[in-house]
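*Asks:* I need the structure of the sequence given here:
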Amino acid sequence: MKEILYKSTRSESGTLKASEAILKGLADDGGLFVPLEIPKLDVSIEALSKMTYQEVAYEVMKLYFTDFTEEELKYCINKAYDSKFDTEEIAPLAEVEGAYFLELFHGKTIAFKDMALSILPYLLTTSAKKNHVKNEIVILTATSGDTGKAAMAGFADVEGTKIIVFYPNGGVSPIQEKQMVTQKGDNTYVVAINGNFDQAQSGVKAIFGDKELAAEMDKAGYQFSSANSINIGRLIPQVAYYVYAYAKLFAEGKVAKEQKINVVVPTGNFGNILAAYYAKNMGLPIDKLICASNENKVLFDFFKTGEYDKNREFILTNSPSMDILISSNLERLIYKIAGEDAAKNRQLMSELASAGKYTITDEMRAKLNDFYGNYATEAETAEAIQSLYEKTGYIMDTHTAVARCVYEKYTAETGDDNVTVIASTASPFKFTRSVMNAINPKYDTMSDFELVDELSKIGNIKIPAAIEEIRNAEVRHNNLCEVDGMKDIVKKFLGM
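*Replies:* Here you go, the predicted structure:
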């Protein structure tokens, strides 16, 4: 098999093996690691259609993580995708009202982040062994709600690691917050910051780029890595579920061989839709990649105009995991459409850092034909939840509702009737108040856990273990800091 190496989006030279890129998380120059080439799938759809999720995941990941042995990679996959998922299929497809909802929320923390964050601890600890790392690995992450809990659940009590998560105070749902602040594990730390997600993410990136701190950490026996989707070890496992979804559709006779499908993804940090773009570039028959935004529609505006501009009001919505104005993973796409020109990418990222915006060239824009962008307002999102429930009894969360709404806008606008997969990124139980209020405002008088019980009843859905666990769990983390105090609190946790 051809060896795949990785390089930074901001550097002309220097390559790393997969395990080295996974360990580092973020490149020293602030860039993101990308494969020198996107490998092609080397098994047929017929063969894939007969495989389990774990087997499909291996066929995808072996092409990218070429310095892992078959035994190492299969160990990581089998440890990740096991009984902590509440369905044997791992990522089932639900056919509802003419589209296929790819349910990515059957893991330990009931959000799509589990799909990658269940395997990342194993990829990281295996990478550390392969590279003879003696330091303890400190996972440093910013979350807009889901990554934090999924990462902590993955890394809790994993030997040789600590995990520190920052989230925006008041910027996540009550259930998301309760999931984080009740997290067990002697190596887990959670901090609310007085700021929004973009400030948390920028603060984490600044800590990563602090050379003095890195030297201090090394002396104390620590080194940073990331669990955000900027880590290539987070991104590649997400490619697998798009390949699996297509293989399932083929197995069930819903698509013919090489028949193209569309994929709709509710998008914040751009990692999930980028994974679908990678799947397409591997040869998976995907036609349109439909990028769905909420009222923080910076990506919609980008696809429409070619200008990325974060200088705008930051809106807190009922789909908080998408309340993002700096979509970090977009840099990987920008680098690709710039013809893998690191200097051009560096220039654009520098403009984003200094002026808060950049404009791509017409030549680059022409390479975005795979994408369609649109957005849903808060009212449209609520209406999408209510109407689908009333028509079918199917209950979706607020992020999936944004995707469903944009899917309807796309088909109305284009008449495109391709078979469509909608990435369903979270369980409705994660956003019970917003979901139940959308179905009927009368529910607003109920407490959070009364809403959980009512949702279970009206949707005829079993309450996930992730929710039952936190019903009476004690709060273990009660930390709050200012944006400029993030570095100090990291040092405090590490006893430095």
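
*Asks:* when you work out contacts or count neighbours from here on, use the C-alpha atoms and nothing else.
*Replies:* OK.

*Asks:* helix/strand/coil for Val191?
*Replies:* Val191 carries the three-state label strand when classified by DSSP: H, G, I helix; E, B strand; the rest coil.

*Asks:* count of residues packed around it?
*Replies:* With neighbours defined by other C-alpha atoms under 10 Å, the count for Val191 comes to 23.

*Asks:* Cys481 too?
*Replies:* Neighbour number of Cys481 under other C-alpha under 10 Å is 16.

*Asks:* quick check: closest non-adjacent residue to it.
*Replies:* Leaving aside its chain neighbours, Cys481 sits nearest to Ile193 (5.0 Å; criterion: C-alpha to C-alpha, 6 or more residues apart in numbering).

*Asks:* is that neighbour in contact with Leu480, as I believe?
*Replies:* Yes. Taking contacts as C-alpha atoms under 8 Å, Ile193 lies within contact range of Leu480: 5.6 Å.

*Asks:* now the common contact residues for these two.
*Replies:* Shared contacts of Ile193 and Leu480 (C-alpha atoms under 8 Å, 6 or more residues apart in numbering): Asn169.

*Asks:* which of these two has more neighbours?
*Replies:* Taking other C-alpha under 10 Å, Ile193 and Leu480 do not tie; Ile193 has more neighbours (23 against 18).

*Asks:* hang on, the earlier thing: list the beta-bridge partners for the residue nearest to Cys481.
*Replies:* Pro168, Cys481 (DSSP bridges).

*Asks:* quick check: it vs Ser144, distance?
*Replies:* Separation of Ile193 from Ser144 (C-alpha to C-alpha, to the nearest Å) stands at 12 Å.

*Asks:* overlap in contacts, those two.
*Replies:* Counting by C-alpha under 8 Å, 6+ apart, the shared contacts of Ile193 and Ser144 are 167-168.

*Asks:* what helix or strand is Ser354 on?
*Replies:* helix 342-355 (DSSP states H and E).

*Asks:* ok, Gly253 - contacts?
*Replies:* By C-alpha under 8 Å, 6+ apart, the contact list for Gly253 is empty.

*Asks:* and the gap between it and Tyr246?
*Replies:* In terms of C-alpha to C-alpha, Gly253 sits 11 Å off from Tyr246.

*Asks:* show me the strands in the stretch 51-200 of the chain, by range?
*Replies:* For the stretch 51-200 of the chain, the strands defined by DSSP state E, counting those that start in this stretch occupy 93-96, 99-103, 136-142, 161-168, 188-193.

*Asks:* can I assume Gly171 is in contact with Asn194?
*Replies:* No. Gly171 lies out of contact with Asn194 (C-alpha under 8 Å); the separation is 9.7 Å.

*Asks:* okay, the two: which has more neighbours?
*Replies:* The residue with more neighbours, out of Gly171 and Asn194, is Gly171; 25 against 18, by other C-alpha under 10 Å.

*Asks:* who are the contact partners of the more buried one?
*Replies:* Contacts of Gly171 by C-alpha under 8 Å, 6+ apart are 144-145, 196-197, 316, 320.
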